[in-house]
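Chemist: Sequence first, predicted model second:
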Amino acid sequence: MRLRLENNKVRIFAVMAAVVVAGAAVFVFRDQAARFAWRASLSGPALLLARSGAALAFEIGNYFFNGGAYDLDVAERAFKKAQRIDPELLGPRYQLARIAFLRGNFYDALRLANEEFALHPEFKRTHYLLGLIYGYSGNYEFAAREFLAFLEWDPKSWAAWNDLAWVYFARGDFVRAEEAARSGLEHNPGNSWLLLSRGTALLNLGKKKEAEEALVGAQAAARTLGADDWGRAYPGNDPALYAEGLLEMRNVIERNLALVREE
């Protein structure tokens, strides 16, 4: 009787071990199947099958966040899944914050960006994102602080200098706006965005001759740009809007030049 009981225990243990191994095999298989589906461009099944592959979910999210396709809903689901699988992974919160920002949800964007910074203070790009969120929220003091923190890390970033100029301009500080744009041009001569910012600041300072020179330069530089160039300057935006954005930029330059040349 005792021998039979012990044999039963052995059988039960064997069954439990088999279940554990089988369960592990299922998860391995699912992740392998997810990777196969993703390589076959089947993003839906890949995202559904992925169970332990945070990196795969994050990769899928980046693909649909203008890394080859553009679908913010799919990208958001993928980033949220990556975050669930690995709550401390660098990237998902940052990308989710960018998506929230693009949708105008500044509260969630700020929360997610701050969470990312708390987890990964070494990732300095979060300063830039925080600058944008604060800037579009109207908190220009905090926005300037974040852009300056980012520029300490990457002093050659034309975009950060340009956005810093925009923040100062929005505050009505045209002197600092011009200085920021000029600082950016030292590292990025001929940059259309920085020339436009500098010309606009100079126009508001009443320095029409210098403003015209900067705006003419901006106009010449903008004529060499294509829609994809505009898109690279605004990553994460809908590619369908690239041509419209470039046209609007050229129109702004034209309008400012018309103001400069008014008698």
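Modeler: Arrived safely. Source: prediction; values computed, not measured.

Chemist: from here on, contacts and neighbour counts on C-alpha atoms
Modeler: Will do.

Chemist: where do the helices sit along the stretch 151-263 of the chain?
Modeler: Taking DSSP state H, counting those that start in this stretch as the test, the helices found in the stretch 151-263 of the chain are 158-170, 174-187, 192-204, 208-223, 227-233, 242-260.

Chemist: Which secondary structure elements does the shortest one sit against?
Modeler: If contacts are counted by 3 or more CA pairs under 8 Å, 6 or more residues apart in numbering; DSSP states H and E, helix 227-233 sits against helix 242-260.

Chemist: What lies in contact with the helix it packs on?
Modeler: Applying CA atoms under 8 Å, 6 or more residues apart in numbering, the contact partners of helix 242-260 are 196, 200, 203, 208-209, 211-212, 215-216, 218-219, 222-223, 226-228, 230-231.

Chemist: Same check on stretch 184-203?
Modeler: 156-158, 161-162, 165-166, 169, 174-175, 177-179, 181-182, 208, 210-215, 217-219, 221-222, 253, 256, 260.

Chemist: The residue nearest to the spatial centre of the chain is in what secondary structure piece?
Modeler: Central residue of the chain (CA atoms, centre = their mean): residue 98, 5.0 Å from the mean position. Using DSSP states H and E, residue 98 falls within helix 92-102.

Chemist: Now do the same for that helix: mean pLDDT, whole number.
Modeler: Helix 92-102 comes out with an average pLDDT of 97.

Chemist: Show the buried residues in the contacts of helix 242-260.
Modeler: 196, 200, 203, 208, 211-212, 215-216, 218-219, 222, 227, 230-231 (16 or more other CA atoms under 10 Å).

Chemist: Distance of residue 182 relative to residue 64?
Modeler: Computed as CA to CA, to the nearest Å, the residue 182 to residue 64 distance reads 36 Å.

Chemist: Give me the phi and psi angles of residue 190.
Modeler: Dihedral pair for residue 190: phi 80, psi 10, per degrees, to the nearest 10.

Chemist: count of residues packed around it?
Modeler: When neighbours are defined as other CA atoms under 10 Å, residue 190 has 16 of them.

Chemist: same thing with residue 204?
Modeler: Residue 204, neighbours per other CA under 10 Å, totals 18.

Chemist: any idea how far the closest residue to it other than its chain neighbours is from residue 151?
Modeler: Nearest non-adjacent residue to residue 204, counting by CA to CA, 6 or more residues apart in numbering: residue 174, 6.8 Å away. For residue 174, the distance to residue 151 equals 20 Å [CA to CA].

Chemist: circling back: make CSV from the buried ones among the contacts of helix 242-260 and add distance to residue 89 and pLDDT to it.
Modeler: Conversion of these to CSV gives the following (distance: CA to CA, whole Å; pLDDT from 0 to 100):
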residue, distance to residue 89, pLDDT
196, 39, 97
200, 42, 97
203, 46, 96
208, 51, 95
211, 46, 96
212, 48, 96
215, 44, 97
216, 46, 97
218, 41, 96
219, 43, 96
222, 39, 95
227, 33, 92
230, 30, 89
231, 27, 90
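
Chemist: Just give me the closest of these to residue 54.
Modeler: residue 231 (27.9 Å; CA to CA).

Chemist: Nearest residue to that closest one in space, ignoring adjacent ones along the chain?
Modeler: Residue 231's closest residue in space is residue 242 (CA to CA, 6+ apart), at 5.4 Å.

Chemist: Any idea which helix or strand in the chain has the lowest mean pLDDT?
Modeler: helix 2-39 (a mean of 41; mean pLDDT, DSSP states H and E).

Chemist: Break this protein into its domains for me.
Modeler: 44-89, 155-263 (automatic domain parsing).

Chemist: Ok, which of those comes nearest residue 103?
Modeler: Proximity to residue 103, assessed across the domains of the chain by CA to CA, is greatest for domain 44-89 (9.5 Å).

Chemist: What is the distance between the closest one and the centre of its chain?
Modeler: Relative to the centre of its chain, domain 44-89 is centred 15 Å away, using CA atoms, centre = their mean, to the nearest Å.
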